[in-house]
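**Q** Turn this into a structure:
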Amino acid sequence: MGNKVNNIDVVYTPWYNLKKSASMDVGQVGFHNTKMVRTVKVEKRLNEVVNRLNKTKVERKPDLKAAEREAINASERAERKVQLRDKKRREEMDRLEREKQAEVRSYKGLMVAEKMTSNKQVASANKSLQELEDDFM
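**A** Prediction:
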């Protein structure tokens with residue numbers, strides 16, 4: 001009815017300022033704070049504007065529950081990904097530490113040819129038996 005009448009008042013307010021009680025009729029609302037309400041008087045109806053708005057009007061009814069669920073699932077997947085990455089990193093660090101400890105405990109480093117000397121090499125170093133014993137102790 002309001003879109004065919006001239007000289008009407010259009011009321012603007014944020015949605016959170018609207019108040020609806022059970023005793024009110026269908027379509028009737030009240031306001032929590034009247035200072036937030038703005039009223040604009042429209043003297044003459046402009047058919048061109050109304051027609052243009054009606055042509056471009058698009059009504060969508062999105063499934064907000066599914067979108068919200070998808071957003072929650074995406075955040076949970078991202079969190080699990082980060083946790084899995086951290087777990088793999090910790091396991092790799094633990095594995096490297098165990099390998100390092102095993103290397104330290106192993107006897108591989110004791111019997112290396114570069115560190116060994118033969119009796120001939122000792123004799124050719126021109127050290128006396130007394131000097132060798134002193135070095136040993």
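
**Q** Show the subsequent helix or strand relative to the helix or strand residue 39 falls within.
**A** Counting by DSSP states H and E, the element that carries residue 39 is strand 38-42. Next helix or strand after strand 38-42 toward the C-terminus (DSSP H and E): helix 47-56.

**Q** For that next one, what is the distance to the chain centroid?
**A** 43 Å (C-alpha atoms, centre = their mean, to the nearest Å).

**Q** could you dump the strand holding residue 39 to PDB, C-alpha only?
**A** Listed next in PDB are the C-alpha coordinates belonging to strand 38-42 (Å, rounded to 0.1, in the frame of the first residue of the first chain):
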ATOM      1  CA  ARG A  38      15.300   8.900  11.500                       C
ATOM      2  CA  THR A  39      12.200   9.900   9.600                       C
ATOM      3  CA  VAL A  40      12.200  11.100   6.000                       C
ATOM      4  CA  LYS A  41       9.100  12.600   4.400                       C
ATOM      5  CA  VAL A  42       8.500  11.600   0.800                       C
END
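
**Q** Tell me the strands beside that strand, with direction?
**A** strand 8-12 (antiparallel) (DSSP bridges).
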